[in-house]
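[1] Fold the following, please.
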Amino acid sequence: QVQLVESGGGLVQAGGSLRLSCAASGRTFSSYAMAWFRQAPGKGRDFVATISRNGDTYYADSVKGRFTISRDNAKNTVYLQMNSLKPEDTAVYYCRARTTIGTMSTDYWGQGTQVTVSS
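    Below is the predicted model:
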């Protein structure tokens, strides 16, 4: 079982920055594939960014060039640095850990952290 706790959300003006953190339990964090998703009011949960256990990253087109995902395996933490924020970035941001054993993968989710960008 993996437990995830997000933090760092808040209210920011358009053009501002925030850094989200997601602290994970477990002694094998370095083997997890980590990702950030977001869910705006009345919409589904959308992919934002992912980082593999090898450090490879991939971003949604809507955040490419503005957001950066990173991980610190010594601290069991993944980060999402968000710059040049826009009102359309307003959402609850969720952290996801994916563990893989053989061919079976299991996803774990955090409780989410609210990000609100004012215009």
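
[2] Quick check: N73 vs A24, distance?
    Noted for N73: a distance of 10 Å to A24, by C-beta to C-beta, to the nearest Å. Any C-beta I mention is one placed from the backbone N, CA and C, and that applies to glycine too.

[3] could you pull out the strands for this structure?
    4-7, 10-13, 18-24, 33-39, 45-51, 57-59, 67-72, 77-82, 91-101, 104-109, 113-118 (DSSP state E).

[4] any chance of these in JSON lines, plus mean neighbour count and mean pLDDT?
    Formatted as JSON lines, the strands of the chain follow (neighbours: other C-beta atoms under 10 Å; pLDDT from 0 to 100):
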{"stretch": "strand 4-7", "mean neighbour count": "18", "mean pLDDT": "97"}
{"stretch": "strand 10-13", "mean neighbour count": "13", "mean pLDDT": "98"}
{"stretch": "strand 18-24", "mean neighbour count": "20", "mean pLDDT": "98"}
{"stretch": "strand 33-39", "mean neighbour count": "21", "mean pLDDT": "98"}
{"stretch": "strand 45-51", "mean neighbour count": "18", "mean pLDDT": "98"}
{"stretch": "strand 57-59", "mean neighbour count": "14", "mean pLDDT": "98"}
{"stretch": "strand 67-72", "mean neighbour count": "18", "mean pLDDT": "98"}
{"stretch": "strand 77-82", "mean neighbour count": "22", "mean pLDDT": "98"}
{"stretch": "strand 91-101", "mean neighbour count": "19", "mean pLDDT": "96"}
{"stretch": "strand 104-109", "mean neighbour count": "12", "mean pLDDT": "96"}
{"stretch": "strand 113-118", "mean neighbour count": "17", "mean pLDDT": "98"}
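
[5] Which residue would you name as the spatial centre of the protein?
    W36 (2.6 Å; C-alpha atoms, centre = their mean).

[6] out of everything not next to it in sequence, what's closest to it?
    Closest residue in space to W36, ignoring its immediate chain neighbours: V48 at 4.3 Å, by C-beta to C-beta, 6 or more residues apart in numbering.
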